[in-house]
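Peer 1: what follows is a predicted protein model with its sequence.
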Protein chains: 2
Amino acid sequence: MSRATLSRDAIVDTTIRLIREHGADALTMRGLGQALGTDPTAVYRHFRDKAELLRAVSERLLGTVTIGLPDGHEWRPAVVELCRRLRRALLEQPRLATALQFGPPLQPSEFAITEELLRRFCAAGLDIGAAALAYHSVIELTVGSAAIDAAMHSMSDRERSQQYTRWRSVYAALDPAEYPETVAASAAMYRGTAEDRFVHALGRLLDGLVPTR
Amino acid sequence: MSRATLSRDAIVDTTIRLIREHGADALTMRGLGQALGTDPTAVYRHFRDKAELLRAVSERLLGTVTIGLPDGHEWRPAVVELCRRLRRALLEQPRLATALQFGPPLQPSEFAITEELLRRFCAAGLDIGAAALAYHSVIELTVGSAAIDAAMHSMSDRERSQQYTRWRSVYAALDPAEYPETVAASAAMYRGTAEDRFVHALGRLLDGLVPTR
DNA sequence: ACGATGTCGTCAACACTGTTGACAACGGCG
DNA sequence: CGCCGTTGTCAACAGTGTTGACGACATCGT
């Protein structure tokens, strides 16, 4: 049992790996210690508590969102791509959605995301106030899509499609007298991937936010 | 120490009260038992586990969403009002957002919400497939707005506005060279109430979802 | 070169969580 | 009356995040 030496980066690495493999809820300090090959409490030499560790994890995940974005003067593909990436990052860590509201020790990567979105909306012709509103709107949609899809995200493609099918059949089996539209729409519910549905919703939201004069 | 007799309804009542007073995270079975004046484990005679109790809580909260909705042939005010109510219900129990994805023992009140939204979208002239997409879009936005606002919701009005102000000053204090738009928009960020911002976003989303031919 | 200093992994323990099984008091039924 | 199922009580278990004392190690100043 060699005395492995840790670092913040190494801890964040295996934390993300564990979350990817077993889900965020299954992340435990003891399990983390075992995966690191050290005593669980060794992590506390590098992070004050679990919350700070998770903040570092979110910072790592959010850091990849804004890099290498398409840089043309077309605002819309850039916004869509940024939101897709943000959604994927949020999906990796469901609690991250609520952790966004932790008050003014904000993460640098969050500032980068905010700046990028505001810049694109201004480039689209919105004044600064409308850009701020658009920013809030887009973030809310993205967070919501990630939150709803979070539970399904840990399943395999096969399981997920099975789940969607089961879902649809539940809708289809409702009493047509009480839920006529739901029964009629059952085949169309949860169609395609969750990301497809999100991109569609985002497109309609952008249509409404940036009127094509 | 009189042997108080419980019921599912009474347990759900005080559970909601505790969540309202101390937040959902602070809800513990021992605390619940104390508030009920019984042994904590007595709750397990009425609910299999904490998850089932929370499902009953969400069913109770979601049940109020669809009742007494404005019933004219104008679809838009009805959709907005329903989403506002849904958002408020979700705010009361943050975990409820993710709990929505718990698979086919769905709650009756969820079906009622789905049916109502689909009906209104069909009344707005959408075909059934577009109505399903609109349903998903609107739900995602509502859940996201609730999730983001959840942390602030437990604070008093005074605390909340202080928090918003602090937030804005953090944005304003950023390096203008690196984050020009954010600094410029700082005064416009988090303006008004969170519900105002949500209603605005929902309006723009509906504009995009239901084109005015 | 060597002792001091501070970093960092280890171990035991604490307070807390949800949950279970044995026990007993109670009320309704034959 | 006597039985029995319902339901509150109690002790206990496994698991969680976290803390403080301990000790090995590397680094640094003289």
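Peer 2: Everything's here; your move. What you are looking at is a predicted structure, and each value in this text was computed from that prediction instead of being measured.

Peer 1: wait, A:L86 touches A:T142, no?
Peer 2: Yes. The pair A:L86 / A:T142 is scored as a contact, 5.4 Å apart, by Cβ atoms under 8 Å. Bear in mind the C-beta positions are built from the backbone N, C-alpha and C, glycine included.

Peer 1: of those two, give the one with the bigger neighbour count.
Peer 2: A:T142 (26 against 23; other Cβ atoms under 10 Å in any protein chain shown).

Peer 1: for that one, helix, strand, or coil?
Peer 2: Under DSSP: H, G, I helix; E, B strand; the rest coil, A:T142 falls in the helix class.

Peer 1: shaky segments in chain A?
Peer 2: Residue ranges of chain A with pLDDT under 70: A:1-4, A:94-105, A:213.

Peer 1: swap in 90 and give it another go.
Peer 2: A:1-5, A:23-25, A:70-73, A:92-108, A:147-157, A:159, A:163, A:211-213 (pLDDT under 90).

Peer 1: residue boundaries of the helices in it?
Peer 2: For chain A, applying DSSP state H gives helices covering A:8-22, A:29-36, A:50-63, A:75-92, A:96-99, A:108-123, A:128-153, A:157-172, A:180-185, A:194-209.

Peer 1: mean neighbour count, the ones you listed: which tops it?
Peer 2: Neighbour counts (mean count of other Cβ atoms under 10 Å in any protein chain shown) averaged over each of these peak at helix A:128-153, with a mean of 24.

Peer 1: that one vs helix B:75-92, what angle?
Peer 2: 60 degrees (axes from the mean of the first three to the mean of the last three Cα atoms, to 10 degrees).

Peer 1: for stretch A:118-134, C-alpha coordinates in CSV please.
Peer 2: Coordinates of each C-alpha in stretch A:118-134 appear next as CSV, following Å, rounded to 0.1, in the frame of the first residue of the first chain:
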residue,chain,number,x,y,z
LEU,A,118,-24.3,38.2,-23.9
ARG,A,119,-21.8,39.0,-26.7
ARG,A,120,-23.7,36.8,-29.2
PHE,A,121,-27.0,38.3,-28.3
CYS,A,122,-25.6,41.8,-28.7
ALA,A,123,-24.2,40.8,-32.1
ALA,A,124,-27.7,39.6,-33.0
GLY,A,125,-28.9,43.2,-32.6
LEU,A,126,-30.4,43.1,-29.1
ASP,A,127,-29.8,46.0,-26.7
ILE,A,128,-28.0,45.2,-23.5
GLY,A,129,-31.2,44.9,-21.5
ALA,A,130,-32.8,42.5,-24.0
ALA,A,131,-29.6,40.6,-24.1
ALA,A,132,-29.7,40.1,-20.3
LEU,A,133,-33.3,38.9,-20.5
ALA,A,134,-32.3,36.5,-23.4
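
Peer 1: got a list of contacts for that stretch?
Peer 2: A:73, A:75-76, A:78-79, A:82, A:117, A:135, A:209-210, B:180-182, B:184-185, B:188-189, B:191, B:197, B:200-201, B:204 (Cβ atoms under 8 Å, 6 or more residues apart in numbering or on different chains).

Peer 1: want to throw the helices of chain A into JSON lines with distance to DNA strand D?
Peer 2: As requested, the helices of chain A are exported to JSON lines (distance: least, Cβ to the nearest atom of the strand, whole Å):
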{"stretch": "helix A:8-22", "distance to DNA strand D": "11"}
{"stretch": "helix A:29-36", "distance to DNA strand D": "4"}
{"stretch": "helix A:50-63", "distance to DNA strand D": "3"}
{"stretch": "helix A:75-92", "distance to DNA strand D": "17"}
{"stretch": "helix A:96-99", "distance to DNA strand D": "13"}
{"stretch": "helix A:108-123", "distance to DNA strand D": "22"}
{"stretch": "helix A:128-153", "distance to DNA strand D": "18"}
{"stretch": "helix A:157-172", "distance to DNA strand D": "24"}
{"stretch": "helix A:180-185", "distance to DNA strand D": "34"}
{"stretch": "helix A:194-209", "distance to DNA strand D": "28"}
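
Peer 1: for these, which one sits closest to DNA strand C?
Peer 2: helix A:29-36 (7.0 Å; Cβ to the nearest atom of the strand).

Peer 1: helices or strands up against that closest one?
Peer 2: Counting by 3 or more Cβ pairs under 8 Å, 6 or more residues apart in numbering or on different chains; DSSP states H and E, the packing neighbours recorded for helix A:29-36 are helix A:8-22.

Peer 1: which other helices and strands contact the helix it packs on?
Peer 2: Here helix A:8-22 touches helix A:29-36, helix A:50-63, helix A:75-92, going by 3+ Cβ pairs under 8 Å, 6+ apart.

Peer 1: quick one: the last one near chain B?
Peer 2: No. No part of helix A:75-92 sits close enough to chain B to count as contact by Cβ under 8 Å from any Cβ of the partner chain; the gap is at least 9.7 Å.

Peer 1: and the contacts of that helix?
Peer 2: Outside helix A:75-92, the residues that reach it (Cβ under 8 Å, 6+ apart) are A:16, A:19-20, A:24, A:58, A:61-62, A:64-66, A:69-72, A:96-97, A:113, A:116-117, A:120-121, A:123-124, A:138, A:141-143, A:145-147, A:149-150, A:153, A:195, A:198-199, A:202-203, A:206, A:210.

Peer 1: same thing with stretch A:181-194?
Peer 2: Contacts to stretch A:181-194, defined as Cβ under 8 Å, 6+ apart, come from residues A:145, A:148-149, A:152, A:164, A:167-169, A:171-172, A:174, A:176, A:197, B:111, B:114-115, B:118-119, B:122, B:128-129, B:131-133, B:135-136.

Peer 1: what sits against whichever residue of chain A sits closest to chain B?
Peer 2: Residue nearest to chain B within chain A: A:G144 (2.5 Å; Cβ to the nearest Cβ). By Cβ under 8 Å, 6+ apart, the contact list for A:G144 reads B:97, B:139-147.

Peer 1: please repeat the previous calculation with a cut-off of 10 Å.
Peer 2: Neighbouring residues of A:G144 by Cβ atoms under 10 Å, 6 or more residues apart in numbering or on different chains: A:87, A:90, A:97, A:198, A:201, B:90, B:97, B:137-148.

Peer 1: and for A:R204?
Peer 2: A:141, B:133-134, B:137-138, B:204-211.

Peer 1: kindly recompute the last result at 8 Å.
Peer 2: Contacts of A:R204 by Cβ under 8 Å, 6+ apart are B:134, B:137, B:205, B:208-209.

Peer 1: would you point out the most distant pair within the residues you listed?
Peer 2: Spanning the widest gap among the contacts of A:R204 are B:A134 and B:G208, at 9.6 Å by Cβ to Cβ.

Peer 1: great, nothing more from me.
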